[in-house]
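Asks: Take this sequence and fold it.
(chains A and B)
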Amino acid sequence: MPGAIYAEGLVKTFGDVKALDGVDIDVPEGTVLGLLGPNGAGKTTTVRVLTTLLRPDSGRAEVAGIDVLRHPNEVRRSIGLSGQFAAVDEYLTGLENLQMVGQLYQLPAKQARQRAEELLERFNLTDAAGRIAKTYSGGMRRRLDLAAALVVSPPVMFMDEPTTGLDPRNRQGLWEVIQELVAGGTTLLLTTQYLEEADHLADTIAVVDHGRIIARGTSDQLKDQTGGDVVEVVVHEREHIPVATEILERLGEGEAKLEGHTRKLTVPAAGGAKLLAEVIRELDSRGVPIDDIGLRRPTLDDVFLSLTGHTAEDAEDGESGEGGEGGHGKGARGRGAKAAKGAAKEKVTK
Amino acid sequence: MTTTTERPSAAPAPVPGNIGIGQTVHDSLVIAKRNLLRMMRIPEVVIFGLIQPVMFVVLFSYVFGGSINIPGAGLDASAYREFLMGGIFAQTVTFAVAGPSIGIAEDMSKGIVDRFRSLPIARGAVLTGRTFADLVQTALILLVLAVVAFLVGWRIHEGPLKALAAFGVLLLLGYAFTWIGALIGQSVRTPEAAGSAGLIWLFPLTFISVAFVPSENMPGWLQPVAEYNPFSAVVMAVRDLFGNLPQGYQPPDAWPLQHPVLASVIYSVLIIVVFRTLAVRKYKSNAG
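Replies: Below you'll find the predicted structure:
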């Protein structure tokens, strides 16, 4: 039985550009799919097709068991969409924005107002309810936009880059809201450029590049696919690099890599913590002083790199400039001995 | 943030699939209210909408007033002022094209149109609601302009009923032009482009007409263009209904100017039918 969000062979071409090149999706009810990819990969186009905003050239899709192409209006009753740009009316107050959406869902005026007040309360916007949205901060607008998508508590939600451009604190806040929502049984499709965000929120991740899904699985499966754990060593002196390389290659599996101008060496490791201990002992007995050592699970950044040959950030063409400084996958990369296995799961909580 | 979680439930589904006329009207009114609230909060739009026509009233009546020959009245400045107002009124309502074209382009660029399109609402409602709100705005501008015109000496000579009919003809043209704007707003990429694309063609349209200068004063080849211009019919209808034509004035021998009220209504209804169809189709055709 197809899931709450189901798509098969979606193709969409804009001029010469194949925005979607055969996308298949199946999200079981009550779970979260993270669609992960750089700008222009086809994430937004996929969401637009599934939310009835765009007709694909070919393929079919069902949302909440309803055919998206044949019965778009019934689909619209069952979905909530929170977009990349906070789609709230700047010159209406928070209350008016939500009330309007409620009325457009055919709620009677009184009920629409009541529902709007509930949502404002839930999203900490009660104090700002009577102010026009133009005066809201970025985080407040996102919350209002999300509230607008939740006016009828739809069983299926779509969020297109919900935290792009938010500072880490607001991102954290929005994550909590999303987790609450999912705990209530909502099926969610979420797009993101932040590897860390997909890792944190999604049950299943689909990696998108050039309009195709190039890998899918749980965060752990994707990491295993990349080759499992690595041991990471930072030696104190450059002159010790050859010795350390020799040790790592003898104990680990395969070639040790030196990271550019730093003194950081990595090697794939199957032996886990036991191997780490051996490496430390061996380095010590050969008299190689080290600055840092750790066992690191691959981050989704590594996954992306190994799948596409470029990191998610490289592919963004600088467009993410206004986006997420501070919150990227990079922050979660190897923090050496202190982090050990937890490194990949580490969140940025500045 | 509170920790309440809720059971998801689909929106109340009145009649699955079909959206009736009742819902269309309801949704259009909800959208119209939204646009009227915006209008009240950005009064600059209405104020700037007034500056141009008021400026034209003053410039044309005092600068050109004594030098334009009106058949049947000669070079009489006060006769020209009366003659001019029909043209200014009509030109002002055509500027109603700008509101929806800029507004809709803006809503599209900000994702508000996507929000509306993801809701289970009547398809034409977003555009229809917008045009209702613009109609209210046009009526408001006409009212203020009438007061200014009164101050410079313009008068109604044919009684209140015909005057009301004149405003009716003007509002119908204004409403027709908001649908042209609704199409332009969806056809351009940016609100800035919508601003110029919405207005630039209005200058030839309104100047190559009987609005400011009688067509008799134009070169021969241009006269039929001016006389069959739909805009001219409206100008002539308004002058007729307000009684602003000089005694003994003979309208040019073109059918729309001989039957200006009927011609205006036909032209406006035609514009509404054509442009509403195109605009709503464009809105539905998930092109974006």
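Asks: Any idea how many residues pack against residue B:31?
Replies: Other residues within reach of residue B:31 by the criterion other CB atoms under 10 Å in any protein chain shown amount to 25. C-beta: built from backbone N, CA, C; applies to glycine.
Asks: nearest residue to it other than its sequence neighbours?
Replies: Sequence neighbours aside, residue B:129 is the residue nearest to residue B:31 in space, at 2.6 Å (criterion: CB to CB, 6 or more residues apart in numbering or on different chains).
Asks: give me the number of residues near the one you found?
Replies: Applying other CB under 10 Å, we find 25 other residues in the vicinity of residue B:129.
Asks: got the contact list for the helix or strand where residue B:268 lies?
Replies: Residue B:268 is located in helix B:260-284, with elements delineated by DSSP states H and E. Here helix B:260-284 makes contact (CB atoms under 8 Å, 6 or more residues apart in numbering or on different chains) with B:123-124, B:126-127, B:165, B:169, B:172-173, B:175-177, B:179-180, B:182-183, B:186-187, B:230, B:233-234, B:236-237, B:240-241, B:251, B:255-257.
Asks: Give me the distance between residue A:98 and residue A:105.
Replies: 11 Å (CB to CB, to the nearest Å).
Asks: that older thread, residues contacting the residue nearest to residue B:31?
Replies: Under the criterion of CB under 8 Å, 6+ apart, the neighbours of residue B:129 are B:27, B:28, B:29, B:30, B:31, B:32, B:33, B:34, B:35.
Asks: Export those as CSV, with columns for secondary structure, pLDDT and distance to residue A:20.
Replies: Rendered in CSV, the data for these read as follows (DSSP: H, G, I helix; E, B strand; the rest coil; pLDDT from 0 to 100; distance: CB to CB, whole Å):
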residue, secondary structure, pLDDT, distance to residue A:20
B:27, helix, 95, 31
B:28, helix, 96, 34
B:29, helix, 96, 37
B:30, helix, 96, 33
B:31, helix, 96, 31
B:32, helix, 96, 36
B:33, helix, 96, 37
B:34, helix, 96, 33
B:35, helix, 95, 34
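Asks: The residues you listed: which two are farthest apart?
Replies: In terms of CB to CB, the contacts of residue B:129 reach their longest pairwise distance at B:27 and B:35, which sit 12.9 Å apart.
Asks: Give me every residue in the stretch 1-150 of chain A lying close to chain B.
Replies: If contacts are counted using CB under 8 Å from any CB of the partner chain, the residues of the stretch 1-150 of chain A sitting beside chain B are A:48, A:51-55, A:64, A:71, A:73-74, A:76-79, A:81, A:83-92, A:96, A:100-101, A:103-107, A:121-124, A:132, A:148.
Asks: Give me the distance between residue B:198 and chain A.
Replies: Here residue B:198 is placed at a distance of 20 Å from chain A (CB to the nearest CB, to the nearest Å).
Asks: Point me to the helix or strand that includes that residue.
Replies: Residue B:198 belongs to helix B:191-199 when elements are defined using DSSP H and E.
Asks: Past that helix, which element shows up next along the chain?
Replies: Secondary structure here is assigned by DSSP H and E; on that basis, the next helix or strand after helix B:191-199 toward the C-terminus is helix B:202-207.
Asks: Tell me the first helix or strand C-terminal of that following helix.
Replies: Per DSSP H and E, the first helix or strand lying C-terminal to helix B:202-207 is helix B:223-228.
Asks: who are the neighbours of that next one, in terms of helices and strands?
Replies: Under the contact definition 3 or more CB pairs under 8 Å, 6 or more residues apart in numbering or on different chains; DSSP states H and E, helix B:223-228 sits against helix B:255-258.
Asks: Now the helix it packs on: average pLDDT?
Replies: For helix B:255-258, the mean per-residue pLDDT is 94.
Asks: Tell me the buried residues in that helix?
Replies: Within helix B:255-258, the residues that qualify as buried are B:256, B:257, counting by 16 or more other CB atoms under 10 Å in any protein chain shown.
Asks: Pull out the buried positions in the helix holding residue B:198.
Replies: Within helix B:191-199, the residues scored as buried using 16+ other CB under 10 Å are B:191, B:193, B:194, B:195, B:197, B:198, B:199.
Asks: could you measure the second one against chain A, distance?
Replies: Using CB to the nearest CB, one gets 19 Å for the distance from residue B:193 to chain A.
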